[in-house]
Each structure stands twice: as structure tokens, then as C-alpha cells.
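>>> structural data only, the sequence is not supplied:
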């Protein structure tokens, strides 16, 4: 008697995860073949033939039909209500999944469990159904690529979350409609076509507006002088500095009167001690993780890429999460036992295992899609550089969330000198707690001399310093990610890439983030003529509606239609002010090309491209009266720093080339500093 084996096709988001799933389910007994040059892994298990293939993220993209391709012949507003079609990104993948699906009895979607992952899986399923309409389909839901979790997820398959996929599709459609319509309108209005087009996005532009608003505040800020008074005292030969109780004097004469009173000796009038308990940090969600990674010098986009790679290697859990509460089912002792075998974490892990009860911290956000980010306990091999630092960050954060609170003590001594009050403050750690393992941002102990009330201290020197108030600080990438989350801009899965796109499009540079003149011009013009595009309210509202689609409380079609109506209103406003908007942006573009003042005549220096050679250089706008010119690197984006070289007085610029570290230089090739380097 012949028993017919069933055929199951498992589809994952990446080839590396497909191979890992095949390895786990087959106990490393699988075969590999290439179908249309796509790796497919096969094995038999429990009377079923399995074939596993990985995709490359999204296999279909949304676009408008070909008749809308010509930017100059199609009015941008026509795109608002245009049909949206899906087209293959990699045709060989589409061909392969249809071929594999045709011979399968059941498809198992094993993509990441979130909006985008579910959409990728449903797109794959719909392609399969074109050749196998009656195929059964399930999804394997997991948060880490460990043997235990993969085995468990495939033994309890779930229904596909079609509402979640619809939310992802709504995001795709809305971003296409808004991005394409506004980008075309702005680019055509300013005749910035081809590679120089001006990009506008539903989330990208409000994010840029945050950066621009901060820069505008800085530019309007008027610095105000103030004076600081301190005193250097001595006790038993040990010198220390105490600050005046009035930390800033805005009246110089008042400060001078105080200074004149300081003579001879001071007396310790009070010693006070306060203790502070600092609780361990909450578990990592995506925003907290990206912020912490930025704190150790790894950009959000890079950090997310590294975290994804660690996840796909089975070393850490899924990195795109809002949740900050560990599930009760997480095996803390099992993970700690595994980490104890890693010499970097042996002591910390063993210390936690010795506790009778392991009680993790809890954050404010709780969800059921994925747990917070944690190390699986699998021992890493071959990790180095930024990847090793990210793994260490995630592991130390996990250990910290299971650790005790730290205890610090602050000691303050108040001193009277000439009738004026001064103070000195010190801080020491009494109990390390979680700081033993999570040292990021830890401050050094600051001890003060051993003083007691009534002590006399000798005034060694009066200190008087003039300072200036400082403008608001620019956003760091870490702070920007946090602010985007607070305002509902983007999602845990997209914020890092949105920030990176602003860098890639030359709207911003550096960290802390500085907007370019082009970025400011685009943002200021849109804020002036269509502020709905630059405020967070509209896009945050759409994000909430997409969440409602994911939960089944709203229909995708209604959300997309409402977004079309919002955009139509925006376009009416933009069309009315097209000429003025174009003028404002063109002025910003002109300023963006100015690199500073000519050191010879003071006229603006600007980037010029030679007609014959097409090479760029810096020329004085005072030409022909002034023939000053400087060579420029032929590759990379050139940004004015608004500073002069202290050696040659020529403007300083930053050159940013993709794949290389930015470098700062002055324009004059004969600058003494460059001659020194040659020698």
C-alpha cells in the first residue's frame, strides 16, 4: 500500500532564516538545491516533505501604471486617485515561489510577525494562489530563531493575520500616494529633476521639520552674557573649588560687588547627605535600543541592521518591538545558564542564578506581538567590531533588568565666605547593583574633602568667569528617535530608516543633526505654504488608523481614501502658492551652494561646474573683478560649516561620500596645515 506524503512549503523573509529553520526542523539533515538560482532547502519529517525558501524582504512593490511614468506630462495631482498596481521586485523569486507553491499542499508563512512581515507573507501566498488557488495556508509565529521556539511555533501553527497584512498594505499605498505626488510637485515647481529631485514623504518631512524648527530656534537665539563666581579653598593642604549659590549673575556690577567681599577665610556652615536609589532600566524595546546604541556611537540605521543580523543568527530576539515587559513564559534561568558559559558574562550570570527569585523590571509599554529584545543565550562566535558591541549592549541590558537597584550618596558642604554662600557637592556609589553589569553612561565618583560643620577653610583664590547663554541643543539621532516615538511619527520598524533617508537625500548631516540649507529651504517653504505636510498631527493620525486596520477595527480602503482626501486638500493649497513656494526653495538652493566668504574680497564663494570638463570647483561670485578659486574633491556632498580656517582664513567644508567617513577641510590647498602634512 502506497502512502501519499503531504508537501509543505515554508516561506521565510530571508535566506539565512530559511536555512536556519530547515536546520532546526530537520536536525541538520536537509538538502540544498538551486531553483532559478534561489536556494531551496528540503527534508522529510513525520511523513511530510518540506521545502523551505527565503525571500529578500518585499518581493512586490506598489507603483502607478506606466501611463503615469512621465513626470512632465502627468499633473502630480492626478496621482492622488490613480490606480495602484503591484509589480515584482525580483522576478526570479516570484517565478520560484510560484513553481514551488504549485506542487505544495500547504504553505507555511514564517516571516517576521509584524505589519511588514505579514504583508510579505501574504504577497507570497497570493502569488502561490495564482497557480494553486486551493492551497492551505498557516503561519509560524516566533520571536527568536532558537531551536526551542522554532520547534514550538511549527508544532502549533496559527491562522494568517490578514488584517495585519492589510495595515502594511495601507502603509505602502499611503506612502506611495503622498510621496510620489508631493515629490513630483516640488521637483517640477523648482525644476529639480533627474538625480536632483526633491523628496517629500508623509513621515520624512515632519521629521525634517522637527530638525528645522530646532535650527531656526538656534538661529534666532540671542546669546546673553553672564558671570560665574567660584572660590578655591584649602583645608589641611587639600584644595577644592566651591561654587557660589547664585550660579549665574546677569549683572556684572552685582557680581563684582560679591567678588569684592571675598577675603581671608571661609567657614563650613552645613554638611548634608542624601541617598538615592536608582532602579534598573526597563527591558529594551526598539526605541530604547536604538537610543542606547546611538549613545555608543552606532547610528540607528546601522544598529538596526546589526540587530537584525544577530536575530537571524539566533543570538538575540526579534528587534522590532514596542513591548517593554517580558512574558511570564520567558526562561530567565535557562538563558542565564547559557550566558554563564560565556566568559564575558559568567560572573554576572552566576550572581543572578544564585538569587532565590529572579524578578525582572517592567516598562510602561506591554504588547503580545513580541517580547522585549533579549539575548537567547546561544554562544556567539566570530563577532567583532560594532556587531560585538551591539550584542554586548543587548546582553548587558538584559542582565541589568534582572539585577538589583543601585544606591548612591550625595554629600553637600555649604561654606560662608565674606557673607556669601558657596557649596561643593560630591557623589559616590554605595551599592553597585545593576551598574556592575550595565556601565553605559555611568558617572565617575566625585568625592569631596573630609569636612565637618564649623571647619575653617582658607580662601586661596577667587574665580570670576564670563560666559554666554547657549542656544537649544540640536537633536542627536538618539533623541530624534525618542521624539518621533512620542509624536507618533513612523513606527518601530521605520524610524531608523527615515532618519537615514534624510542623510541620504542631503537634507541633514552630522550628529548632533544639522540641517543643510536645502533641507531648511524645503521644510520652511512647505511649513509656510502647506503646514499639514510638516506637522506630526496628520501622519500620527494615519498611523493610528493603520493600527485600527491591524486590529480589525477599520477597513484598509477607508483609511487610504481618507488619506487621499487629506492630500487633495494639501495640493489645492500648494497649487495656489506654487510660484511663491518655488521662489522660496530656489533661494534656499542658491544659499546651499554658497560655501562662505571670499578671503580676498568678501564676496560669496559658490560651487561651480566647469562647462567643458564638467568638474566642480569653488569660484568667487565677484568674478571677473575677483578671480579667487579653489579646487574641490570631485566626489561626495560638499557642505559649508560656516566656519573659517584659523590658519588661512578660507572657509571650512565637510565632504560626505557614501561608504566613507566624512572629512573636514579648508578650501585653500596652500594652507599651512596642508603643507605640514605633505612634509
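Yep, it's here. Here the structure is a predicted model, which means the values were calculated and not measured.
>>> downstream of the longest helix belonging to the chain, the next helix or strand is which one?
When the chain is parsed with DSSP state H, its longest helix is helix 162-189. Once the chain leaves helix 162-189, the next helix or strand it forms, by DSSP states H and E, is helix 204-220.
>>> that following helix versus helix 162-189: what angle between them?
50 degrees (axes from the mean of the first three to the mean of the last three CA atoms, to 10 degrees).
>>> how about the helix or strand immediately after helix 204-220 in the chain: buried residues?
Next along the chain after helix 204-220, taking DSSP H and E as the criterion, comes strand 225-235. Buried positions in strand 225-235, judged by neighbour count with 16 or more other CB atoms under 10 Å: 226-231, 233-235. Just so you know, the C-beta spots here come from the backbone N, C-alpha and C atoms, and that holds for glycine as well.
>>> what is strand 225-235 packed up against?
Judged by 3 or more CB pairs under 8 Å, 6 or more residues apart in numbering; DSSP states H and E, strand 225-235 is in contact with strand 238-244, helix 252-260, strand 406-417, strand 456-468.
>>> quick one: strands adjacent to the shortest one?
It refers to strand 238-244. strand 225-235 (antiparallel), strand 420-431 (antiparallel) (DSSP bridges).
>>> list the buried residues in the helix or strand hosting residue 638.
Using DSSP H and E, residue 638 falls within strand 637-644. Buried residues in strand 637-644, counting neighbours by 16+ other CB under 10 Å, are found at 638-641, 644.
>>> per-domain residue ranges of this structure.
Domain segmentation of the chain under automatic domain parsing yields 6-160, 173-220+473-587, 230-273+406-463, 286-401, 596-678.
>>> mind putting these in JSON lines, distance to residue 167 included?
Converted to JSON lines, the domains of the chain look like this (distance: least, CB to CB, whole Å):
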{"stretch": "domain 6-160", "distance to residue 167": "5"}
{"stretch": "domain 173-220+473-587", "distance to residue 167": "4"}
{"stretch": "domain 230-273+406-463", "distance to residue 167": "35"}
{"stretch": "domain 286-401", "distance to residue 167": "12"}
{"stretch": "domain 596-678", "distance to residue 167": "33"}
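>>> wait, residue 207 sits on residue 499?
Yes. At 7.0 Å, residue 207 and residue 499 qualify as touching, with contact defined as CB atoms under 8 Å.
>>> find residues that contact each of those two.
residue 480 (CB atoms under 8 Å, 6 or more residues apart in numbering).
>>> report the secondary structure element holding the closest residue to residue 485 other than its chain neighbours.
Of all residues not flanking residue 485 in the chain, residue 287 sits nearest, at 4.6 Å (CB to CB, 6 or more residues apart in numbering). Residue 287 belongs to helix 286-295 when assigned by DSSP H and E.
>>> ok, residues contacting that helix?
Against helix 286-295 from outside (CB under 8 Å, 6+ apart): 281-282, 284, 299-300, 302-304, 307, 319-322, 324, 363, 373, 390, 393-394, 397, 440-441, 476-479, 481-482, 485, 492-493, 495-496, 511.
>>> if you set the cut-off to 6 Å instead, what comes out?
By CB atoms under 6 Å, 6 or more residues apart in numbering, the surrounding residues in contact with helix 286-295 are 300, 303, 320-321, 373, 477-478, 481-482, 485, 492, 496.
>>> show me which pair in the residues you listed is furthest apart.
321 and 477 (19.3 Å; CB to CB).
>>> and the gap between residue 481 and residue 515?
17 Å (CB to CB, to the nearest Å).
>>> so which of those two has more stuff around it?
residue 481 (29 against 26; other CB atoms under 10 Å).
>>> pLDDT score for the residue nearest to the more buried one when sequence neighbours are not counted?
In space, residue 481 comes closest to residue 290 once its chain neighbours are excluded; the distance is 4.9 Å by CB to CB, 6+ apart. We have a pLDDT of 96 for residue 290.
>>> what about residue 290, how many neighbours?
Residue 290 sits with 30 neighbouring residues when counted by other CB under 10 Å.
>>> could you do residue 653 as well?
Residue 653 has 24 nearby residues by other CB under 10 Å.
>>> what's the answer for residue 505, then?
Neighbours of residue 505 (other CB under 10 Å): 18.
>>> which regions of this protein sit below the pLDDT cut-off?
For the chain, the stretches flagged by pLDDT under 70 are 1-4, 675-679.
>>> what about 80?
1-5, 194-195, 588-593, 658-660, 673-679 (pLDDT under 80).
>>> would you agree residue 626 falls within a strand?
No. Assignment of residue 626 by DSSP: H, G, I helix; E, B strand; the rest coil gives coil, placing it outside any strand.
>>> wait, what's in contact with it?
600-601, 620.
>>> residue 208 too?
502, 507, 519, 523.
>>> among those residues, who's most crowded?
Counting by other CB under 10 Å, top hit in these: residue 523 with 28 neighbours.
>>> what residues are up against it?
By CB under 6 Å, 6+ apart, the neighbours of residue 523 are 208-209, 212.
>>> from residue 55, how far off is residue 325?
For residue 325, the distance to residue 55 - CB to CB - is 31 Å.
>>> what about those two, which has more around it?
For residue 325 and residue 55, the more surrounded residue by other CB under 10 Å is residue 55, and the numbers stand at 25 against 19.
>>> in this structure residue 407 contacts residue 431, no?
Yes. At 3.9 Å, residue 407 counts as touching residue 431 under the criterion of CB atoms under 6 Å.
>>> which residue, other than its chain neighbours, is closest to residue 238?
In space, residue 238 is closest to residue 449, 5.0 Å off (CB to CB, 6+ apart).
>>> confirm the one you found sits in a strand?
No. Using three-state DSSP, the secondary structure at residue 449 is coil, not a strand.
>>> what about it, neighbour count?
17.
>>> so who does it touch?
Counted by CB under 6 Å, 6+ apart, residue 449 has contacts 235, 238, 240.
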